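Enquirer: Make a model of this:
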Amino acid sequence: MNEPIDIADKLSQFSDHWSPKVIARLNDYEIKAVKLKGEFVWHTHEDTDELFLVIDGELTIQLRDGDVTLKPGQLYVVPRGVEHCPVADGEVHALLIEPTGVVNTGDAGGELTASYDDSLG
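Expert: Modelled structure (predicted):
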């Protein structure tokens, strides 16, 4: 039988920003813990929605038609194909829920593309 997952414990095991870590799996989806700070890159996920659930801090998701700001305990789903850019003024702890294999920078690529990390799962 699986043990409960302590999200705070998982988040305490790493310090890098914009590098999601797989902490659990649900069917064909991964639940990823991530620390965010600063501005990410504008990008799109053409084939999937992307769920952001803020655990600590305040996250703004910039959208071309208006921004969404999330506080702890709030979530937002960016619909597939919608260009977005997360911004965290201070450090934010969050969970992402997305299909297995989704690349964090979507179609943008670049230096902020995280390597796949399931070491915490």
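Enquirer: any weak-confidence spans in this structure?
Expert: Judged against pLDDT under 70, the low-scoring parts of the chain cover residues 1, 103-121.
Enquirer: which strands and helices sit next to the top strand by length along it?
Expert: Assignment by DSSP state E gives strand 84-99 as the longest strand of the chain. Judged by 3 or more CB pairs under 8 Å, 6 or more residues apart in numbering; DSSP states H and E, the packing partners of strand 84-99 are strand 29-39, strand 50-56, strand 59-63. To be clear about C-beta, it is placed using only N, CA and C from the backbone, and glycine gets the same treatment.
Enquirer: what's the following helix or strand after the last one?
Expert: Once the chain leaves strand 59-63, the next helix or strand it forms, by DSSP states H and E, is strand 68-70.
Enquirer: Please spell out which residues along that next one are buried.
Expert: Residues of strand 68-70 classed as buried under the neighbour-count rule (16 or more other CB atoms under 10 Å) are Leu70.
Enquirer: How many residues are close by Ile97?
Expert: Taking other CB atoms under 10 Å as the neighbour definition, Ile97 ends up with a count of 18.
Enquirer: how far away is it from Gly38?
Expert: For Ile97, the distance to Gly38 under the criterion CB to CB, to the nearest Å works out to 23 Å.
Enquirer: picking that back up, please name whichever of the helices and strands packed on strand 84-99 is nearest to Glu3.
Expert: Distances from Glu3 to each of the helices and strands packed on strand 84-99 were compared by CB to CB, and the smallest falls on strand 29-39, at 14.7 Å.
Enquirer: I appreciate the help and will end here.
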